[in-house]
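Student: sequence and predicted structure are below.
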Amino acid sequence: MTIRTLLQRRKSGTYYIRKKVPVHLRAIIGKSEIVKSLGTNKYNDAIYLLFTYECAIMSQLNQLAVNTSTIPLPPEIHKNRVNIMNHAALASVTAATNNSTCYKASEAFELLKKRNQLSKSTTDEYTKVIGQFIEVHGDLPLDGFKKKDIKDFITIIKTIGRIPKGKEYQDKTVNELYKLVTTDKIKDRKPLAHDTLTKKLTAISSMFNMAVQDDFIEHNPAHGITITKDDTAEKQKRLPFSIDNLNCIFSSPLFKGCKSQMRRRDHGDMIIKDEKFWMPLMGLFTGARLNEMGQLHLTDIKQDNNIWYLSLTDAGELQTLKSDTSKRNIPIHNELIRMGLLEYVNDLNNKGEKKLFPSLVIKQSKDSVSSKISNWINNYLTDIGIKKDVNENETKSFHM
C-alpha cells in the first residue's frame, strides 16, 4: 500500500493510519481494515509514526497468520473458533498501536493551550489545577486514567479546602497539605466554593475531551462527575446597597471634598476626579462591573445621534468579558455628563492616553485590571461605616 492509501486525515486535522487486513484473516479479526489515530496534525510526525504503526500491525498480523491453522475445519467448528478468536486477535493487533502512544497529562495540557487559545487567566488557572492533578496521580498517558482517579483528586482538593495564608504552607505539595489536613494539623481552613471545584473539574475534563477527539480514548472518564453543593462552601450573600447606604457613600469626602490625594477619607476641599471618583459613579448609573469599566479604552466612549454611550466589548487589547451576552452599549447618564465625564475623557485624549483609566494596570498574572481598585473601594466602604451591619456570610461590595 502507498503512503497516500495508508495515511488519512480527519476533518479535525488529525492524521490516522488505514491498513487493510488480508482476506484470509478478516474472518478471525472480524473486520476488513484497521483504523487507528496517529494523534498528531503535523505531517512530518505522522509520516514517522505511520511506519512505526504499520510495522507493529504487520508484525501482529503475521504472527496471527502463523498461529492460524491452514487445515480446513468443519463449518460449525470453524464458526465457533472464529467467535472465540476474533476478540483476542483484534485486541492483539490493536494493542500494538496502543502502548504509550497517548500523550501524557503534561503534553495534553500544552496541546490544549495551543489548540484552544486559552486566555491568560484561564491558562494560569488550568496550569495550577492540572499541575496538582499530575502531582497526585503522576504524569501518565491519558488513556491510563480511570473515573476513580478524577473522583479521588476532587475529594483530595475538597478535603484540603482553602488553606490559611502563611509561609509554612506556601511550598507544600498537595499530598503534603492533604496529610496535614487529615491529621488535623491545619485547623483554620474553609471549604472551597462550588464554582471553584467545578472549574477545577472542568480543567481536568477538557484534557480528556481532547483525547476523545483525537481517538486515543473512547470516553472521557470525567464525564458524569458532578460537584454537590452540600459539600462546598456556602456562597457569600451579596446584599444590595440601601438608599441610606448610597447617600452615605456619595456624600462622603471622596465625592464632596477630601484633604489630599493620599487622604481621601478625610473631609477637605479637594475633589480628585480619577478612577476612584468615576468608577463608583459609573457603576451606579450604568450597572457595569468594575472590570468592564476598568478595561475601557477612550475609543469605547462613543456618540450616536447625539447620544453618548459606553461600548463594552472584548475587541481591544487585554479586554475580556464574562460571556458574549456581556457585549453591550450603555447610554451615559446625563448626571455623569453634568459632573464632567466627557471633559475627563477629552483631557485624557489631549494627553495622548489610550485608556479611560490609565493608572489601572495588571501587576500579577492572577489579577484582573480592577483588582487593586476593587480592594481600595471596598476598604473605603468599610472606613465610612457601610459594612459594619453586615453578617459573616453577607457582604456589600461593588461587583467585579
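Tutor: Sure thing, it's come through.

Student: for the rest of this, base every contact and every neighbour count on C-alpha atoms.
Tutor: OK.

Student: for the stretch 201-350 of the chain, give me the ranges with low pLDDT.
Tutor: Counting by pLDDT under 70, the stretch 201-350 of the chain shows low-confidence ranges at 230-238, 317-318, 321-324.

Student: helix or strand: which one has Trp308?
Tutor: strand 307-312 (DSSP states H and E).

Student: what do you get for Ser12?
Tutor: For Ser12, there is no host helix or strand (DSSP H and E).

Student: let's number from 5 now, not from 1
Tutor: Sure, I'll start counting at 5 from here, so that last one is Ser16.

Student: now do the contacts for Phe289.
Tutor: By CA atoms under 8 Å, 6 or more residues apart in numbering, Phe289 lies in contact with 336-337, 340.

Student: show the buried residues in the residues you listed.
Tutor: 336-337 (16 or more other CA atoms under 10 Å).

Student: just the strands in the stretch 5-154 of the chain please.
Tutor: All strands of the stretch 5-154 of the chain, identified by DSSP state E, counting those that start in this stretch, fall at 11-13, 19-24, 37-41.

Student: redo those as a markdown table? Include mean neighbour count and mean pLDDT.
Tutor: As requested, these are exported to a markdown table (neighbours: other CA atoms under 10 Å; pLDDT from 0 to 100):
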| stretch | mean neighbour count | mean pLDDT |
| --- | --- | --- |
| strand 11-13 | 19 | 82 |
| strand 19-24 | 21 | 81 |
| strand 37-41 | 18 | 79 |
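
Student: right, and these - which one's nearest Leu364?
Tutor: strand 19-24 (46.3 Å; CA to CA).

Student: each with direction, which strands does the strand holding Trp312 pair with?
Tutor: Its sheet considered, strand 311-316 pairs with strand 305-308 (antiparallel), strand 332-335 (antiparallel) by DSSP bridges.

Student: what's the closest of these to Leu250?
Tutor: Of all those, the one in closest proximity to Leu250, counting by CA to CA, is strand 332-335 (21.3 Å).

Student: mind listing what's buried in that closest one?
Tutor: By 16+ other CA under 10 Å, the buried positions in strand 332-335 come out as 333-335.

Student: repeat for stretch 189-196
Tutor: For stretch 189-196, the buried set under the neighbour-count rule, 16+ other CA under 10 Å, comprises 190, 195-196.

Student: hang on, the earlier thing: Phe220: which of the buried residues of strand 332-335 is nearest?
Tutor: For these, the nearest to Phe220 is Asn333 (45.0 Å; CA to CA).

Student: bridging residues for that closest one?
Tutor: Assessed by DSSP bridges, Asn333 has beta-bridge partners Ser315.

Student: quick one: contacts for it?
Tutor: By CA under 8 Å, 6+ apart, the contact set of Asn333 is 313-316.

Student: one more time with 10 Å, if that's ok
Tutor: Asn333 makes contact with 290, 304-306, 312-317, according to CA atoms under 10 Å, 6 or more residues apart in numbering.

Student: filter the buried residues of stretch 189-196 down to just the ones in strands.
Tutor: If you go by DSSP state E, these have nothing in strands.

Student: coming back round to it: of the contacts of Asn333, buried ones?
Tutor: Taking 16+ other CA under 10 Å as the criterion, what is buried in the contacts of Asn333 is 290, 304-305, 312-317.

Student: could you dump those residues into TSV and include distance to Asp248?
Tutor: Formatted as TSV, the buried ones among the contacts of Asn333 follow (distance: CA to CA, whole Å):
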residue	distance to Asp248
Thr290	20
Asp304	33
Ile305	31
Trp312	30
Tyr313	29
Leu314	28
Ser315	31
Leu316	30
Thr317	33
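
Student: just the closest of the residues you listed to Thr386, please.
Tutor: The nearest one, if we look at the buried ones among the contacts of Asn333 relative to Thr386 and count by CA to CA, is Thr290, at 23.2 Å.

Student: tell me the domain boundaries of this protein?
Tutor: 7-99, 109-235, 241-399 (automatic domain parsing).

Student: can you pull the contacts of the nearest residue to Ile208 once chain neighbours are set aside?
Tutor: The spatially closest residue to Ile208, leaving aside those adjacent along the chain, is Ile134, at 6.5 Å (CA to CA, 6 or more residues apart in numbering). Residues in contact with Ile134, defined by CA under 10 Å, 6+ apart, are 109-110, 112-113, 140, 143, 204-205, 207-208, 211.

Student: which ones among the residues you listed lie within helices?
Tutor: Among the contacts of Ile134, the subset assigned to helices under DSSP state H consists of 109-110, 112-113, 140, 204-205, 207-208, 211.

Student: just the residues you listed now: which is nearest Pro284?
Tutor: Lys204 (32.5 Å).
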